[in-house]
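Participant: sequence and computational prediction follow.
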Amino acid sequence: GLMFFQAITGINSVVFYSTTIFGLAGFDQAIIGTSLVGVINVLTTILTSNLIDRYGRKVLLLTGTSIMLGSLLVLSIVLVSPVEEGVQGIIAVLAVLSFVFG
């Protein structure tokens, strides 16, 4: 179950294409966004390794999946909405970073 959820969430695709995603969002220095993805990924891993004994795998898996789902919903809505391009880019980046956090 755990490997299935990890594969189906698409986190590997987000990490691989993060420079492209941030570039399309209007960031001049997309590598900074990619670095943020890596930092958030490491910090979240450290946090969850401490929480897993307290709450268990199932709770963390469901919580993380819920955060990822919410992030993708926000990202999808903002990309199809008539929002100013700069605001759209900021919300898209925040959604991607919260996706990685999940």
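Facilitator: Sure, I can see it.

Participant: show me the helices in the protein, by range?
Facilitator: Secondary structure of the chain (DSSP state H): helices located at 2-9, 11-16, 18-24, 30-55, 57-80, 85-101.

Participant: and those helices as CSV, adding mean neighbour count and mean pLDDT?
Facilitator: Any C-beta I mention is one placed from the backbone N, CA and C, and that applies to glycine too. CSV is the format used below for the helices of the chain (neighbours: other C-beta atoms under 10 Å; pLDDT from 0 to 100):
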stretch, mean neighbour count, mean pLDDT
helix 2-9, 11, 73
helix 11-16, 14, 79
helix 18-24, 18, 78
helix 30-55, 13, 86
helix 57-80, 14, 87
helix 85-101, 17, 85
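
Participant: what number of residues lie near the nearest residue to E85 once chain neighbours are set aside?
Facilitator: Nearest residue to E85, sequence neighbours excluded (C-beta to C-beta, 6 or more residues apart in numbering): G26, at 6.6 Å. Neighbourhood size, G26 [other C-beta atoms under 10 Å]: 14.

Participant: V83 contacts A92, correct?
Facilitator: No. Between V83 and A92 there is no contact under C-beta atoms under 8 Å: 9.7 Å.

Participant: so what sits against both of those two?
Facilitator: Common neighbours of V83 and A92, counting by C-beta atoms under 8 Å, 6 or more residues apart in numbering, are absent.

Participant: angles on the backbone of Y17, please.
Facilitator: The phi and psi values for Y17, taken as degrees, to the nearest 10, are phi -100, psi 10.

Participant: how close does it get to S71?
Facilitator: Y17 sits 15 Å away from S71, going by C-beta to C-beta, to the nearest Å.
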